[in-house]
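# Mind looking at a prediction? Sequence and model below.
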Amino acid sequence: MEERIGVGGAEMQRRCRNFAHWIESSGFIDLMYSGPKHTWARGETEATYMAARLDRFICNEEWRLRFEEGAVCHLPKNMSDHCPIIVSSGGFAPIPTSLRPFRFQAAWLNHDKFDNFVSSNWNRTEPIVPLQKEFASRLVKWNREVFHNIFRKKAELWARIGGVQRELSNGWNRKWVKL
C-alpha cells in the first residue's frame, strides 16, 4: 500500500498482502529500481489523482546470483499513463564517449548553415576514408557549437520530466501536475 497514492480500501490491502505473500512464498526477489517511484499515474486534480507502482521485475535466486549487476530503471512516462521500464542483466553503466559511433542526424539538413558547412569542409580531392573520419569529427564539433546538442537538450527535458514525476510520487501537488 505504501507504493500507492489515492488508491486504497480494504479490498486493495487484501490484494496487496496476497501478492506480497505470493512473491515471498515463491522465493522471488523484487529487483529494486531507479527512476520514478510509480509506474502508473492519472488524474489532474487532487480528487482524481492516483498513482501506483503496478509494474515490477521479479526474479529467482539463481538469476540474481548469475546477474549480480542486474538493474531496473523506470523511465519518465510520456503519452501514456504507464512509464516505460528497462531491465538490464549487466546494470546501466554509461557508455564512454570514445566508444559511441558517429551518427548522422537528419535534423542537420534543415539548419540554415549546414550546406555552407559541408561545402567548406568537404574536400573532394582527399581519400574518402580519412576524409570521412575528419569530416565526422568536424561535424560533431559543429553540432555542439552551432546546431547545439539536441541530445543534451533532450536528456535535460527527460530529466526535468523525471524530476516532476518523482515529486508527484510524494503526493498530488497542483504545481507539479501543471508542469
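Yep, it's here.

# Name the nearest residue to the residue most central in space within the chain, sequence neighbours excluded.
Centroid check for the chain by Cα atoms, centre = their mean gives Leu75 as the closest residue, at 3.6 Å. Nearest non-adjacent residue to Leu75, counting by Cβ to Cβ, 6 or more residues apart in numbering: Pro84, 4.6 Å away. C-beta coordinates here come from the backbone N, C-alpha and C atoms, glycine included.

# How many neighbouring residues does the nearest residue to Phe147 once chain neighbours are set aside have?
Excluding its sequence neighbours, the residue lying closest to Phe147 (Cβ to Cβ, 6+ apart) is His111, at 5.6 Å. A count of neighbours around His111, defined by other Cβ atoms under 10 Å, yields 16.

# Is it correct that His111 is in contact with His148?
No - His111 is beyond contact range of His148, at 9.8 Å (criterion: Cβ atoms under 8 Å).

# Strands along this structure, start to end?
4-5, 29-30, 33-34, 40-42, 50-52, 58-59, 71-74, 85-88 (DSSP state E).

# Contacts for the second one next, please.
Surrounding strand 29-30, the residues in contact under the criterion Cβ atoms under 8 Å, 6 or more residues apart in numbering are Ile23, Arg56, Phe57, Ile58, Cys59, Asn60, Glu61, Arg64.

# Strand partners (parallel or antiparallel) of that strand?
Partners of strand 29-30 in the sheet, by DSSP bridges, are strand 58-59 (antiparallel).

# can you tell me the average pLDDT over the partner strand?
For strand 58-59, mean pLDDT is 94.

# residue ranges for the helices of the chain, please.
For the chain, the helices defined by DSSP state H cover 10-25, 61-66, 114-121, 128-142, 150-168, 174-178.

# Show me which residues of the last one are buried.
Spelled out, that is helix 174-178. Trp176, Val177 (16 or more other Cβ atoms under 10 Å).

# What is it packed up against?
Secondary-structure packing of helix 174-178 (3 or more Cβ pairs under 8 Å, 6 or more residues apart in numbering; DSSP states H and E): helix 150-168.

# Can you give the contact residues for the lowest-mean-pLDDT helix or strand in the chain?
Using mean pLDDT, DSSP states H and E, the weakest-scoring helix or strand in the chain turns out to be helix 174-178, at a mean of 79. The contact list for helix 174-178 (Cβ under 8 Å, 6+ apart) reads Glu44, Thr45, Glu46, Tyr49, Val164, Glu167, Leu168.

# Appreciated, that's everything.
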